[in-house]
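# mind looking at a prediction? Sequence and model below.
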Amino acid sequence: MTQSEQVLKAVIVDDEELARQGLAMRLADISGIEVVSQCANAKEALLAISELEPDVVFLDIQMPGKSGLEMISEIQGDVMPMIIFVTAYDSFAVDAFKVHAIDYLLKPVESERLEEAIKIAREQRNQELASDEKKKLLEMVVSLTGKSPAAIDEMLESGEKLVEQPDRLAIKDGSSITFVPVHDIDWIDAAGDYMCVHVQGATHIMRTTMKELEAKLDPSMFQRVHRSTIVNLERVEKVSSHINGEFHLTLKCGTSLKMSRSYKDKVKHFF
């Protein structure tokens, strides 16, 4: 179910029973909204809001005891619903919007205005959900990067990458894990479902794909030179061209690697 299709939970608050029932019947004919409680006064409404945490409250202003405007000041901030005032008097409109009501309906409520108010409530709810998702994502990025929200905003504006490449690769071998400094890697080649990571004369076997491993490595240091080979550019000592258009790369460790013609543009990165 998408955000726009999510059912809005509603509470109706009015001291007139017929008014409550009439509004509930009309809301029943509108998809995407469910009346979870009907309340006759502020005391009942405060309890229902606390227990049910509705998305929206249709609230009468003039009620015996405590008015709708007075009631709002007693709602806990963490369960504050959207408020749509439903009243027979237009003199309270300014006060209603001072307490951030999203709409103000005059009795008898016209069907078109009721649907418009619900549309406004849905749009506001979707904005809140989107804001919550953005906040959760930001918190996750903060925890991953250790950077402040302000620093992350600056990085997003500049186009800088949020997550840096790791300094080490964790390569699991049975019950043990070897941490290989990325800078020490000479080259990597594929062997079926495994990657062979060549490091200073030793070879470590890593179960991953070429694409996944390539994404972890800094492209300014590591480049794909063949569909099954990644090389550390700092290890390239010599580039030799052949008549067929292929290149051979000689690494400082003495290893010779073939570079496919489709990757010939990568040669410029070696100088």
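Received the coordinates, thanks.
# send me stretch 117-131 as PDB with only the CA atoms.
Extracted in PDB, the C-alpha atoms of stretch 117-131 (Å, rounded to 0.1, in the frame of the first residue of the first chain):
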ATOM      1  CA  ALA A 117     -10.400  18.600   3.800                       C
ATOM      2  CA  ILE A 118      -9.600  14.900   3.700                       C
ATOM      3  CA  LYS A 119      -7.400  15.500   0.600                       C
ATOM      4  CA  ILE A 120      -5.500  18.200   2.600                       C
ATOM      5  CA  ALA A 121      -5.100  15.800   5.500                       C
ATOM      6  CA  ARG A 122      -3.800  13.000   3.200                       C
ATOM      7  CA  GLU A 123      -1.300  15.400   1.600                       C
ATOM      8  CA  GLN A 124       0.000  16.600   4.900                       C
ATOM      9  CA  ARG A 125       0.300  13.000   6.200                       C
ATOM     10  CA  ASN A 126       2.300  12.000   3.200                       C
ATOM     11  CA  GLN A 127       4.600  15.000   3.700                       C
ATOM     12  CA  GLU A 128       5.100  13.900   7.300                       C
ATOM     13  CA  LEU A 129       5.900  10.300   6.300                       C
ATOM     14  CA  ALA A 130       8.400  11.500   3.700                       C
ATOM     15  CA  SER A 131      10.000  13.700   6.200                       C
END
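# got the buried residues for that stretch?
Residues 117-118, 121-122, 125 are the ones in stretch 117-131 that count as buried (16 or more other CB atoms under 10 Å). Any C-beta I mention is one placed from the backbone N, CA and C, and that applies to glycine too.
# do stretch 172-183 as well
Buried, per 16+ other CB under 10 Å, within stretch 172-183: 180, 182.
# check the offset of that stretch from the chain's centre.
Distance of stretch 172-183 from its chain centroid, counting by CA atoms, centre = their mean, to the nearest Å, is 32 Å.
# measure it end to end?
Using CA to CA, to the nearest Å, the end-to-end distance of stretch 172-183 comes to 19 Å.
# quick one: average pLDDT of it?
Stretch 172-183 carries an average pLDDT of 83.
# over to stretch 12-25?
On average, stretch 12-25 scores 94.
# what do you get for stretch 236-250?
Mean predicted lDDT for stretch 236-250 stands at 77.
# any regions of the stretch 101-250 of the chain where pLDDT drops low?
Applying pLDDT under 70 to the stretch 101-250 of the chain flags residues 132-165, 242-245.
# repeat that for 90
101-111, 124-180, 191-194, 201, 206-228, 233-250 (pLDDT under 90).
# now for residue 15: which residues touch it?
40-41, 60, 63-64 (CB atoms under 8 Å, 6 or more residues apart in numbering).
# same thing with residue 90?
Per CB under 8 Å, 6+ apart, neighbours of residue 90: 104, 106.
# show residues contacting stretch 180-195.
Outside stretch 180-195, the residues touching it (CB under 8 Å, 6+ apart) are 165-169, 171, 196-200, 204-210, 213, 217-218, 221-222, 228-232, 234-235, 251-253, 255, 257.
# having no further points to raise, I will conclude here.
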